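Student: have a look at this fold, sequence not included:
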């Protein structure tokens, strides 16, 4: 698939639910892509404490406490180029998958 077809995602909060979503997005990328119809890449996990994120083995490069920075990077990344409406449609499919 084309690089600009990727939907970049940030998870805000890495407790039980956020950690589960982050795990799903990092460990089951192919299955998620198949279910939502395009590749989804976890770009950031935003929180104030990262004990749980580290416990479940998330990559340190994903972790940030700066929500504004994560949002700015999401909107300026190559993954944002696929279009806002399409990204929202993908997010809604992700919510269905995780819910």
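Tutor: The structure has been received and is ready for your questions. What you see is a predicted model, and the numbers here were worked out from it, not measured in a lab.
Student: can you pull out the helices in the protein?
Tutor: 16-27, 29-36, 51-55, 67-76, 84-98 (DSSP state H).
Student: hey, least reliable of those helices by pLDDT?
Tutor: When the helices of the chain are compared on average pLDDT, helix 84-98 comes out lowest at a mean of 62.
Student: I'd say residue 45 and residue 10 touch.
Tutor: Yes: counting by Cβ atoms under 8 Å, residue 45 does reach residue 10; the two are 7.3 Å apart. Quick note: C-beta positions are derived from backbone N, CA and C, even for glycine.
Student: who's more crowded, these two?
Tutor: Using other Cβ atoms under 10 Å, the more surrounded residue of residue 45 and residue 10 is residue 45, with 29 against 17.
Student: so what sits opposite that one in the bridge?
Tutor: residue 11, residue 63 (DSSP bridges).
Student: which residues touch it?
Tutor: Residues in contact with residue 45 (Cβ atoms under 8 Å, 6 or more residues apart in numbering) are 10, 11, 14, 18, 22, 53, 58, 62, 63, 64.
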